[in-house]
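Engineer: Sequence plus the predicted model coming up.
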Amino acid sequence: MFLLLLTLPLLNAVVSPVDKPCIDLAACATKHCLNKRSIMKRIENSTSVDSFEKIVTSFDMICITTKCTAQCTLCKSCHYAIEQMTAFVSGSSNGGMCPKLEGCITNCIKGEDIKKILKCVNDQCNIHCYDGNCDPCKLMSKKIFSRFCREMDLVAQPQFANFQGSCPALFDKLSDEFVAKKKH
């Protein structure tokens, strides 16, 4: 018990006040915007990198920004996503923190069919969230992925059997593999 009391301040120090809003956002997003059982079913017989892609393409930003508005507004990465979406809808520029991602999405929006736009964004633009060109996107995705990973005990799944580490480390490994796969 004494040892537990000594480690509590250390645990609190790990979660900085800056991270807390994004951690709260991840909790809200996994609760309200991810169909966890459906995702687990879809990744059942997938490779680790295919599982990663299926998980992260399940992150529905419209759901997250509407059902987790308060948390999203407080998390700088998510707030930036709201600004991006508002800029896309209005046809204006929002500062260009993520020029490759924003340019790709702008090209996809030129389509008129919403299903084609969403497919275009998933197929062509998502890579820019993970390739080092959009830190706010990658940070938010990492928080949501890590929360989902812990809740669903992903590291215990067969496709991750060779991985020894934490959920954030798994995200780092798989996002790099995802980018390498998409570039080839």
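Structural biologist: That came in fine, so what should we check first?
Engineer: was I right about residue 108 contacting residue 117?
Structural biologist: Yes. Judged on CB atoms under 8 Å, residue 108 makes contact with residue 117 at a distance of 5.3 Å. The C-beta positions use only the backbone N, C-alpha and C, and glycine is treated the same way.
Engineer: what's near enough to touch the most centrally placed residue in the chain?
Structural biologist: Central residue of the chain (CA atoms, centre = their mean): residue 141, 1.7 Å from the mean position. Contacts of residue 141 were listed using CB atoms under 8 Å, 6 or more residues apart in numbering, and they are 56, 59, 129-130, 171, 175.
Engineer: next one: residue 109
Structural biologist: Neighbouring residues of residue 109 by CB under 8 Å, 6+ apart: 88, 117.
Engineer: Determine the set of other helices and strands touching the helix or strand residue 79 falls within.
Structural biologist: Assigning secondary structure by DSSP states H and E places residue 79 in helix 76-90. In terms of contacts (3 or more CB pairs under 8 Å, 6 or more residues apart in numbering; DSSP states H and E), helix 76-90 is packed against helix 20-32, helix 61-67, helix 69-74, helix 99-109, helix 135-152.
Engineer: thinking again about what came up before, so what's the residue nearest to the centre of the chain scoring on pLDDT?
Structural biologist: In this model, residue 141 is scored at 96, pLDDT.
Engineer: what do you get for residue 177?
Structural biologist: 96.
Engineer: before we move on, the earlier item: of residue 108 and residue 117, who's got more company?
Structural biologist: residue 108 (19 against 15; other CB atoms under 10 Å).
Engineer: State the distance from the closest residue in space to that one that isn't next to it in sequence to residue 126.
Structural biologist: Closest residue in space to residue 108, ignoring its immediate chain neighbours: residue 120 at 3.6 Å, by CB to CB, 6 or more residues apart in numbering. Look at residue 120 and residue 126: by CB to CB, to the nearest Å, they are 10 Å apart.
Engineer: Tell me which of those two has more neighbours.
Structural biologist: Taking neighbours as other CB under 10 Å, residue 120 and residue 126 compare with residue 126 leading, 21 against 18.
Engineer: Now that one. Its backbone dihedrals?
Structural biologist: Note on residue 126: backbone dihedrals following degrees, to the nearest 10 are phi -60, psi -30.
Engineer: give me every residue that touches it.
Structural biologist: Counted by CB under 8 Å, 6+ apart, residue 126 has contacts 56-57.
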